[in-house]
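# any chance you could fold what I've pasted below:
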Amino acid sequence: MYSKELFKEEVILVTGGGTGIGYGIAELFIELGGLVIITSRDKSNLEKSSKNLSNNGECHYRVCDIRKTETIEDLINWIDKKFGKLDVLINNAGGQFPAPAEVMSQKGWAAVINNNLNGIFNMSHSCANKFFIPQSKGNIVNITANVLRGFPGMAHTGAARAGVENLTKTLGQEWAEYKIRVNAIAPGIIATSGLDSYPEVFKSFFKEIEKKNLMNRFGTPKDIANAVIFLASPLSSYISGITIPVDGLEHLSGDRMQLFNMIKKLI
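Modelled structure (predicted):
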């Protein structure tokens, strides 16, 4: 579909690139000629994933906690020293846990907001000031979530992801003069190894949800990666400030209260 040299000589940074969606995104960039850097907090995952990804191209890794500006600065300085530039930033790292808002602690709320909203701003701000603005060239793709109709059962990440969608619009406008494009992808439920970590009751719930999807399946990391590649490529050179749902119509259909109601039964 795409040229195998589409991202030749481009340097791409994928946060949360050691597993799941991030790994799938990194894998496709490498297939298309990109030099990829994956980062997360888990060194063991990064080492293993970087080794596997390097079988098809050039992949490097660096440990970084997007919640901490000092570790971001270490990462940015390392990229500058080693490669001298950055072309694409994929803000994929994030995390959350299911809980009704009424029992959510202030600490839990703050942790998810800090990771899923502040972390994306921290990365975007640092990469723009170090690379994209001086270069007068850059591309940012943010990975959010299906929050169009709210996110009952996960109010913290719903609020954070909605904030990222607005940040995408704002930065797209503010940084257009520097030829920086900023867009987002909103995945639905994606079938990754992460689903296997949930308790059995959640696995049964996911099976029921999958049957109700209008396309009769969950998404795959490749589905998200394909959309990311489009937004990171010259094919979308006149597009900025948008969010594309990649969810098999999940944002338009289905009962948004199902997850919440199941969680309520468990507590």
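# what number of residues lie near residue 203?
Neighbour count for residue 203, taken as other C-beta atoms under 10 Å: 12. In short, each C-beta sits where N, CA and C put it, glycine included.
# and it, that one's in a helix?
Yes - the assignment for residue 203 by DSSP: H, G, I helix; E, B strand; the rest coil puts it in a helix.
# residue 244 bridge partners, please.
Judged by DSSP bridges, the bridge partners of residue 244 are residue 185.
# can you give me the helices in the stretch 101-250 of the chain?
Here the stretch 101-250 of the chain has its helices, by DSSP state H, counting those that start in this stretch, at 106-113, 119-127, 133-135, 155-174, 200-212, 221-232.
# do you know which of these lies nearest residue 58?
helix 221-232 (16.8 Å; C-beta to C-beta).
# now the closest one: how far from the chain's centre is it?
In this view, helix 221-232 has its centroid 11 Å away from the chain centroid, taken as C-alpha atoms, centre = their mean, to the nearest Å.
# packing partners for it?
Other helices and strands packing on helix 221-232, by 3 or more C-beta pairs under 8 Å, 6 or more residues apart in numbering; DSSP states H and E, are helix 20-31, strand 88-91, strand 138-143, strand 180-187, strand 243-246.
# can you do 6 Å?
For helix 221-232, the packing partners by 3 or more C-beta pairs under 6 Å, 6 or more residues apart in numbering; DSSP states H and E come out as helix 20-31, strand 138-143, strand 180-187, strand 243-246.
# what's the next secondary structure element after the first one?
Pointing back at helix 20-31 there. Following helix 20-31 in sequence order, the next helix or strand is strand 35-40 (DSSP states H and E).
# next, the angle from that next one to helix 119-127.
140 degrees (axes from the mean of the first three to the mean of the last three C-alpha atoms, to 10 degrees).
# just checking: what are the partner strands of strand 35-40?
Next to strand 35-40 in the sheet, as set by DSSP bridges, lie strand 11-15 (parallel), strand 59-63 (parallel).
# can you tell me the average pLDDT over the last one?
Okay, so that is strand 59-63. Rounded to a whole number, the mean pLDDT of strand 59-63 is 98.
# what would the helices of the stretch 101-250 of the chain look like in TSV with mean pLDDT and distance to residue 58?
Formatted as TSV, the helices of the stretch 101-250 of the chain follow (pLDDT from 0 to 100; distance: least, C-beta to C-beta, whole Å):
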stretch	mean pLDDT	distance to residue 58
helix 106-113	96	33
helix 119-127	98	19
helix 133-135	98	20
helix 155-174	98	28
helix 200-212	84	35
helix 221-232	98	17
